[in-house]
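S.K.: Sequence first, then the predicted structure:
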Amino acid sequence: MNKVNLEKVADVKLSNVDKKTKHNEQKVKLCNYTDVYNNWSIKKNMTNNFMVATCKKSEFEKFLLKKGQVAITKDSETPDDIGVSTYIAEDFEDVVLGYHLALITPFKDKLNGQYLNYYFNTNHLQKYFENNTGGSGQRYSLSIDTIKETPIFLPSLQIQTAIARVLSSLEEKIELNNKTNKELENLAKTIYEYWFVQNADKRWEMRKIVELIKNQKNGDWGKETKQGNYTEKVICIRGTDINSLTGNNELKAPERYILKKNNDKFLADGDFVIEISGGSPTQSTGRIAYILDEMLKGFENPLICSNFCKAITLENKNLFYYFIFTWKQLYDNGLFFGYEGKTSGIKNFLFDNFVSFYKIAVPTIPILQKFNKTVSPIFSEIIERRKESAYLAQLRDFLLPLLMNGQVKVKNG
């Protein structure tokens, strides 16, 4: 097995395509940082959610996505989020790679793009990126020279293809689970809309959201390593993890250490996690994720929020499933845009102001109980599929180094 620098087997370019729209430039869709960070591969069925922007003709030619390429993150607030990769699984006509990312085009006679994508996820390569990042404090970055000099262990092209085939079979099952879960989520949403939107009862009580909240848990970023009294190991949910926590993307939330006395911040069954800081020019803050006991059993360590999120617990648990869809409907309707402030350029959701002002209809307890009985089996099935996908992802990560270093052999036929 040969060891070569990446530049010997692939072309590397750093994207400079920003999120702006200019009248004299070509209209495109952007594959942005979170799209790369949250997905093992980029496919055409994802592009409806991509941001619309413009770029120069020269940028379009350089960064148009083509099948076989790999994109990686090159900038981040933490060094362990650098070098996260995704595989470009199809040719695109109008999707270009956005800022803070690098586009790698393998030389087809030397390097398999799927193999490279998996290789980027090996521990030793992740350590390479962490140890070679520039910057400090709140921003870390990879230079183009560091990316070009990335050491790649390279078996024959036939072996690369065989390794990619083994690992991609696990990805296909995970993708099937994700597709089924999306259909189940849409079913639950349809039931909600039929019960509470199309057939809303004007006699239902209108109450301020703050009146429905029992308590709030603020975030805690803690420490990166165990030190002093920071000994309680946790998984810290950031704004970027909100969609992954109860969505179909793999959760990549970091492990942190907090003070033992702050264990009252642990997320519990029935909690909601809400994004307080973040968003984008076209997205407001306020995204929400839910917590169920069945989910918590899948994690070795307790979950908490980062400083960019907060958790809330409702006074009445009968409201749980109803609140999930009601809050998402408020988000989809853009109601949170009017409740955002800015600090150092970062959008902050004025949560207390919103919940103290905005009222929602509260159905009667018997109706809520019937609704819960109808949709709770759907959510249970979704969580079981997520657990299976998490197991398959662990199996993939276990096999990954063994296949890469030749401890597990594959047939190249």
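M.R.: In hand now; what should we look at?
S.K.: Show me what whichever strand or helix holds A390 is packed against.
M.R.: Assessed by DSSP states H and E, A390 sits inside helix 365-404. Under the contact criterion of 3 or more C-beta pairs under 8 Å, 6 or more residues apart in numbering; DSSP states H and E, helix 365-404 touches helix 113-119, helix 157-193, helix 293-296, helix 320-332. Quick note: C-beta positions are derived from backbone N, CA and C, even for glycine.
S.K.: which of those is buried the deepest?
M.R.: Most buried of those, by mean neighbour count (mean count of other C-beta atoms under 10 Å): helix 113-119, with a mean of 25.
S.K.: same question for that helix, mean pLDDT?
M.R.: Helix 113-119 comes out with an average pLDDT of 96.
S.K.: Please apply the same query to stretch 233-242.
M.R.: Stretch 233-242 comes out at a mean pLDDT of 92.
S.K.: contacting residues around it?
M.R.: 34, 37-38, 220-222, 226, 245, 251-258, 266-267, 273, 275-278, 285, 287-289, 299, 301-306, 308-309 (C-beta atoms under 8 Å, 6 or more residues apart in numbering).
S.K.: Could you check the angle the helix holding A390 makes with helix 157-193?
M.R.: Per axes from the mean of the first three to the mean of the last three C-alpha atoms, to 10 degrees, the angle that helix 365-404 makes with helix 157-193 is 180 degrees.
S.K.: Flag every buried residue along helix 365-404.
M.R.: 368, 371-372, 375, 378-379, 382-383, 385-386, 389-390, 392-393, 396, 399-400, 403-404 (16 or more other C-beta atoms under 10 Å).
S.K.: what about it, distance to the chain center?
M.R.: Averaging C-alpha positions (C-alpha atoms, centre = their mean, to the nearest Å) puts helix 365-404 16 Å from its chain's average.
S.K.: didn't S356 look like it was pressed against L212?
M.R.: No. Using C-beta atoms under 8 Å, S356 makes no contact with L212, being 11.8 Å away.
S.K.: Comparing these two, which shows the higher neighbour count?
M.R.: Set S356 next to L212 and count neighbours by other C-beta atoms under 10 Å: L212 wins out with 16 against 12.
S.K.: So which bits of the longest strand anywhere in the chain are buried?
M.R.: Criterion DSSP state E: the longest strand present in the chain is strand 230-237. Using 16+ other C-beta under 10 Å as the test for burial, strand 230-237 gives 230, 232, 234-237.
S.K.: Output the below-cut-off pLDDT ranges for the stretch 251-400 of the chain.
M.R.: 279-282, 344-345 (pLDDT under 70).
S.K.: gap between the spatially most distant residue from the centre of the chain and V362?
M.R.: What lies farthest from the middle of the chain is R203; by C-alpha atoms, centre = their mean that is 39.6 Å. Distance, R203 to V362, using C-beta to C-beta, to the nearest Å: 11 Å.
S.K.: what number of residues lie near the nearest residue to F266 once chain neighbours are set aside?
M.R.: Excluding the flanking residues, the one nearest F266 by C-beta to C-beta, 6 or more residues apart in numbering is P302, at 4.3 Å. Neighbour count of P302, defined by other C-beta under 10 Å: 16.
S.K.: Need phi/psi at P302.
M.R.: Backbone torsions of P302, given as degrees, to the nearest 10, read phi -60, psi 160.
S.K.: pretty sure it is in contact with L267, am I right?
M.R.: Yes. Taking contacts as C-beta under 8 Å, P302 lies within contact range of L267: 7.2 Å.
S.K.: domains for the chain, by residue range?
M.R.: 2-154, 155-185+363-413, 205-362 (automatic domain parsing).
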